[in-house]
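J.: fold the following for me, if possible:
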Amino acid sequence: MPLLLFAWRGPELAARADFPPLSREGADLNNILLVSASVIVLVGTFYPLALELVSGARSRLGPPYFAASFNPVMALLVAAMGMGPLLVWRGGWRPRDRANLLLAGGLALREPVFSCCCKIWPGLKI
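T.: This next block holds a predicted model:
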């Protein structure tokens, strides 16, 4: 029945797809990063199984694979998640958004920079 109703009323439905790329509707970076992370986990899980099924060779993708591939995607996702609340609905940018995004980006970069400094100079107390 629902399919019949949709076939009957479907031509009358119209969707507006004029989203600016830098609005909440048009910002698909988070979705792309989540799908990428899912694909990385899927490949890391099923590649050893498929390799063993096809060739009989045993392979193992362990923590080094996931640390090298999954963590950078998640770091980008965490940085991108901070920008989502600053974007407006159907409006793109507000004048003060650039300053807010620069501030959020600077604060997001603060921790990795301090971590690298502490590894380079072990005696550095921050």
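
J.: where does the chain have low pLDDT?
T.: 15-27, 86-97, 116-126 (pLDDT under 70).

J.: doesn't Val35 fall inside a helix?
T.: Yes. Counting by DSSP: H, G, I helix; E, B strand; the rest coil, one finds Val35 located in a helix.

J.: tell me, how many neighbours does it end up with?
T.: Number of residues near Val35 (other C-beta atoms under 10 Å) recorded here: 12. In short, each C-beta sits where N, CA and C put it, glycine included.

J.: same deal with Pro2?
T.: 6.

J.: how much space between it and Leu13?
T.: As judged by C-beta to C-beta, to the nearest Å, Pro2 and Leu13 stand 14 Å apart.

J.: which element is Arg9 on?
T.: For Arg9, the host element (DSSP states H and E) is helix 2-9.

J.: which residue sits closest to Arg60, ignoring its sequence neighbours?
T.: The shortest distance from Arg60 to any non-neighbouring residue, by C-beta to C-beta, 6 or more residues apart in numbering, is to Pro48 (5.8 Å).

J.: got a list of what that neighbour touches?
T.: 58-61 (C-beta atoms under 8 Å, 6 or more residues apart in numbering).

J.: closest one to Ile40 out of these, please.
T.: The closest of the contacts of Pro48 to Ile40 turns out to be Leu61 (C-beta to C-beta; 10.2 Å).

J.: ok, and the closest non-adjacent residue to the residue sitting nearest the centre point of the chain?
T.: Computing the C-alpha centroid of the chain and ranking residues by C-alpha atoms, centre = their mean puts Leu33 first, at 2.6 Å. Nearest residue to Leu33 in three dimensions, chain neighbours excluded: Leu77, at 4.3 Å (C-beta to C-beta, 6+ apart).

J.: ok, and what's touching the strand or helix carrying that neighbour?
T.: Secondary structure from DSSP H and E places Leu77 in helix 63-81. Defining contact as C-beta under 8 Å, 6+ apart, one finds that helix 63-81 is touched by 29-30, 33-34, 36-37, 40-41, 44, 105, 108, 112.
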